[in-house]
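J.: pasting a predicted model and its sequence here:
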Amino acid sequence: MHAPFPSLIDRIGNTPLIRLNRLSDASGCEILGKAEFMNPGGSVKDRAALGIVRDAERRGQLRPGGIIVEGTAGNTGIGLAVVGNCLGYTTVIVMPDNQSKDKVDTLRAYGAEVRLVPAVPFKDPNHFVHTSRRLAEELAASAPHGAVWANQFDNVANRDFHTRTTAAEIWEQTAGRVDAFTCSVGTGGTLAGVARGLRARKASVQIGLADPEGSALFNYYNSGELRAAGSSISEGIGTSRITANFADTAIDYPFQIPDSEALPLVYDLIRSDGLLLGGSSGINVAGALRMARALGPGHVIVTILCDSGLRYRQRLFNREFLAGRGLVLPEWLKLDA
């Protein structure tokens, strides 16, 4: 029996690896999903949140009673709210207004202040990241206990925490048998951090990028040009720039994954493995299947199961919304009954 955890944040990390049975059997590879949806805040972003906050504390940037400010598509904000509540900080989150209502409601339920801004390109000064930086600067100067900008995209405490924890866990859980790792990129912290940690232990580990349509990274690794085309209903992944977290990350297999390939996997995993996951997990699992085809049978491939599909009910399980984007909800899901 495990001893009691000192606090909820001590439950962040050490998530299990789950064999995706049907896909593993069909591909001839062991396809394993790191169950990051089992973190206390419900996503892989709990790790970045904890790593960034602890780093800010060590540097003396975050003082007792201080404010954590961040621009996020939602999950990092939820992670910061969880960590902040446990450690006595308040959280202010700036989000683009095109993210799921479920995530906004969750943030507010955790007591975070949420400020919604128009969804605009990164080059626009009103982008949610730039807005959050300005807000953090204002609060740092005016709030009694100061404020810190988490800066998840370019704060390498994000990447380094994944190197120390996620990569180490994958290595231990596979007994060093891992041959490949793949996932999508938002901040780049997960993919870059895990890649660093695994390659330090086994140089032959292959790294794959699962990039949604609407992101520029696939074209960057194929042609050297940061050029995006198309769009995806998945939230929190895809980027138009190379972040500090992701800089200098070597990719062996870049894949572009359309929603039409990822979403059927999201629905199949409900039925075959009992896993109710978000769209980014579908992108990741599709990337793992692409890796399996590229490498051939007999390999151990790990990916990230980012968060629960319950955060995206109004999109993933909305026939009208999906039909407007040429996507189909399977008939066996009797949502209209």
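T.: Cool, the structure landed. Numbering: from 1, shown residues only.

J.: right, and residue 17 touches residue 36 too?
T.: No - applying C-beta atoms under 8 Å, one finds residue 17 not in contact with residue 36, separated by 10.7 Å. Bear in mind the C-beta positions are built from the backbone N, C-alpha and C, glycine included.

J.: those two - which one has more neighbours?
T.: residue 36 (24 against 18; other C-beta atoms under 10 Å).

J.: name the nearest residue to that one, sequence neighbours excluded.
T.: residue 44 (3.6 Å; C-beta to C-beta, 6 or more residues apart in numbering).

J.: show me what contacts the one you found?
T.: Residue 44 sits next to 34, 36, 75, 190, 304, 306, 307 when contact means C-beta atoms under 8 Å, 6 or more residues apart in numbering.

J.: ditto for residue 36
T.: 15, 43, 44, 46, 47, 304, 305, 306, 307.

J.: so which of the residues you listed is the most crowded?
T.: Ranking those using other C-beta under 10 Å puts residue 306 first, with 33 neighbours.

J.: tell me if residue 57 really is in a strand.
T.: No - under DSSP: H, G, I helix; E, B strand; the rest coil, residue 57 falls outside any strand and is assigned helix.

J.: please enumerate the strands of the stretch 101-250 of the chain.
T.: For the stretch 101-250 of the chain, applying DSSP state E, counting those that start in this stretch gives strands covering 113-117, 147-149, 180-183, 206-212.

J.: same list (the ones you listed) but as JSON lines, adding distance to residue 123.
T.: What follows is these, written out as JSON lines (distance: least, C-beta to C-beta, whole Å):
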{"stretch": "strand 113-117", "distance to residue 123": "15"}
{"stretch": "strand 147-149", "distance to residue 123": "19"}
{"stretch": "strand 180-183", "distance to residue 123": "26"}
{"stretch": "strand 206-212", "distance to residue 123": "20"}
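
J.: looking at those, which is nearest to residue 99?
T.: strand 113-117 (8.4 Å; C-beta to C-beta).

J.: what packs against the closest one?
T.: strand 90-96, helix 101-109, helix 128-142 (3 or more C-beta pairs under 8 Å, 6 or more residues apart in numbering; DSSP states H and E).
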